[in-house]
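Q: sequence unknown, structure follows:
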């Protein structure tokens, strides 16, 4: 393999890693409703993609470029997911199903979490569901803290696309305070 082919191989791998990573981040941005950010990522992703695919298709006499294309795609997927999980934009609602509802709610609220408790009846007795709003970056920490209090609690995690009050005119002061605390919720 010549130096030119080896360098082109590496450049195709790097281009695909970059464009697939951007695609993964763009997809997450779309799901979260971040339109402008998704559009910017999409522009750069498309430009890089066109350059990489053109190099492969214009040089079919070097089948190793197709291998570089696939390798870059796989590595880009891995890197994109890793970066997205580290950035962890957005909010989540963690539903904690527990038999120690009052104790868990008290401890979580005193730790600074926003939590709502719903009491219920199950076949074996009483149970509570705690709904806790948390930034995605803190979800694992919340689950660990809940498990330390009730090792048998069951957790369900849901992403929050939009949050706010259903009728903002009911309490405009509260609505303004909420918006000041979480300015990213309006987009």
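A: That came through, no problem. Note that the structure is predicted; figures quoted are calculated from it, not measured.
Q: alpha carbons only for contacts and neighbour counts from here, please
A: Will do.
Q: Mind splitting the chain into its structural domains?
A: Following automatic domain parsing, one gets these domains for the chain: 3-87, 91-186.
Q: Break down this protein into its helices, ranges please.
A: 3-31, 35-57, 64-87, 101-110, 139-149, 172-181 (DSSP state H).
Q: Quick check: which of those helices is buried the most?
A: helix 3-31 (a mean of 20; mean count of other CA atoms under 10 Å).
Q: okay, the angle between it and helix 35-57?
A: Put simply, helix 3-31 runs at 150 degrees to helix 35-57, going by axes from the mean of the first three to the mean of the last three CA atoms, to 10 degrees.
Q: Output the contacting helices and strands for helix 3-31.
A: Where contact means 3 or more CA pairs under 8 Å, 6 or more residues apart in numbering; DSSP states H and E, helix 3-31 is packed against helix 35-57, helix 64-87.
Q: Just the residues contacting the shortest one, thanks.
A: Counting by CA atoms under 8 Å, 6 or more residues apart in numbering, helix 35-57 makes contact with 12, 15-16, 18-20, 22-23, 25-27, 29-30, 65-66, 69, all of which sit outside it.
Q: Out of those, the closest to residue 82 would be?
A: Here the nearest of those to residue 82, counting by CA to CA, is residue 25; it sits at 9.9 Å.
Q: Now for that closest one: which residues touch it?
A: Residue 25 is in contact with 38, 41, 80, 81, 83, 84, counting by CA under 8 Å, 6+ apart.
Q: Isn't residue 149 up against residue 104?
A: Yes: contact criterion CA atoms under 8 Å: residue 149 and residue 104 qualify, at 6.4 Å.
Q: Could you check stretch 149-165 and say which residues are buried?
A: Neighbour-count burial for stretch 149-165 flags 150, 153, 155, 157, 159, 160 (criterion: 16 or more other CA atoms under 10 Å).
Q: low-scoring stretches of the protein, by residue?
A: Along the chain, the parts satisfying pLDDT under 70 run over 162-187.
Q: Now, the buried residues of stretch 149-165 that are in strands?
A: Of the buried residues of stretch 149-165, the ones assigned to strands by DSSP state E are 155, 157, 159, 160.
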